[in-house]
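Enquirer: Build me a model from this:
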Amino acid sequence: MSRNAPRTFYEFFAGGGMARLGLGEAWTCVFANDFDPVKSATYRANFADAEQHFRQGDVWKLEAADLPGRADLAWASSPCQDFSLAGARAGLTGGRSSAFFGFWRLMEALASEGRAPRTIVIENVCGLLTSGGDFTALCAALADQGYSFGALEIDAARFLPQSRPRVFVVATLDPVPAALTGDSPFQTRLVREAQARLPAELAARWIWWRGAAPAARNSDLASLLEPDAAVAWHTPARTQALIALMAPLHRARLEALQASGQRARSE
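Expert: Next up, the predicted model:
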């Protein structure tokens, strides 16, 4: 591939298109998909060209023929509730996270046509690393299609005043330059323990992706929030309905913050 050729990608479980925004203008989205109508509306509002490549609907109803060409990258942020501590930890067999397999069958179909994406990124909650044999099963699926892979655990708090740890499994068909491998602060204890549990044939495909720590953050949440008067707040009834959905621990934290009378962020 020419260095000057546009780099293309598919974005599955796209939501509002956060992966597209993160990749930036050097990348061209040629296909995006999400099931949720609200998220789909957000995607369309965010990108003027959405009607050219965005498909709303169940990933299981897509076929390889719906995906144009051979993309350089396929990005999948599949539903995470079944890996989350807040969910039932059902893993890949759970009703929501099993949507991953709808995505994966498309990757297998593309591979059978000689159109496998050169790189795949799978983003999920960190529970993926500890959810039974799910991480091993994911690595085995990648290996079966010829990919080498590694994982990084990154918390958004390194960049923004919000703690949101996520795991990123990065898999590639291409040889990996030495400059992209090495130590990284994102090779956390959970990543290393998950890698150590892999059988030898999968561990042989492991890549220790290099990644430097960002500069120290110099802002907090309060400095980024709009003035109260500039915000369209929910009605009291709507606010109480949302609070009622909170887990007891989170509700207790909220009540403690309210009692303090101070403007603060909750982890």
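Enquirer: quick one: the most centrally placed residue in the chain and Arg70, what's the gap?
Expert: For the chain, the residue nearest the mean C-alpha position is Glu123 (2.9 Å; Cα atoms, centre = their mean). For Glu123, the distance to Arg70 equals 22 Å [Cβ to Cβ, to the nearest Å]. Quick note: C-beta positions are derived from backbone N, CA and C, even for glycine.
Enquirer: thinking again about what came up before, what is the residue nearest to the centre of the chain paired to in the beta sheet?
Expert: Using DSSP bridges, the beta-bridge partners of Glu123 come out as Phe168.
Enquirer: quick one: contacts for it?
Expert: The contact partners of Glu123, by Cβ atoms under 8 Å, 6 or more residues apart in numbering, come to Ala19, Trp75, Ala76, Ser77, Arg166, Val167, Phe168, Val169.
Enquirer: hmm, 10 Å instead?
Expert: Taking Cβ atoms under 10 Å, 6 or more residues apart in numbering, we find Glu123 in contact with 13, 18-19, 75-78, 80, 154, 166-170.
Enquirer: ok, now Gly17?
Expert: Gly17 neighbours (Cβ under 10 Å, 6+ apart): 11, 23, 29, 32, 34, 39, 42-47, 50, 54.
Enquirer: Just the buried subset of these, written out for PyMOL, thanks.
Expert: Buried members of the contacts of Gly17, defined by 16 or more other Cβ atoms under 10 Å, are picked up in PyMOL with:
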select buried, resi 11+23+29+32+34+39+42+43+44+47+50+54
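Enquirer: So which of the contacts of Gly17 belong to helices?
Expert: Counted as lying in helices by DSSP state H, out of the contacts of Gly17, are Leu23, Lys39, Thr42, Tyr43, Arg44, Ala45, Asn46, Ala50.
Enquirer: hmm, back to that, quick one: which of the contacts of Glu123 is nearest to Leu249?
Expert: Using Cβ to Cβ, Cys80 comes nearest to Leu249 of the contacts of Glu123, at 19.1 Å.
Enquirer: Let me know the pLDDT of Asn4.
Expert: Each residue has a pLDDT score; the one for Asn4 is 64.
Enquirer: Dump the C-alpha coordinates for the helix or strand of the chain with the lowest mean pLDDT into PDB.
Expert: In the chain, no helix or strand scores lower on mean pLDDT, DSSP states H and E than helix 221-224, which sits at a mean of 71. Extracted in PDB, the C-alpha atoms of helix 221-224 (Å, rounded to 0.1, in the frame of the first residue of the first chain):
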ATOM      1  CA  LEU A 221     -13.700  18.500  35.400                       C
ATOM      2  CA  ALA A 222     -14.900  21.700  37.000                       C
ATOM      3  CA  SER A 223     -12.800  23.800  34.700                       C
ATOM      4  CA  LEU A 224     -14.400  22.300  31.600                       C
END
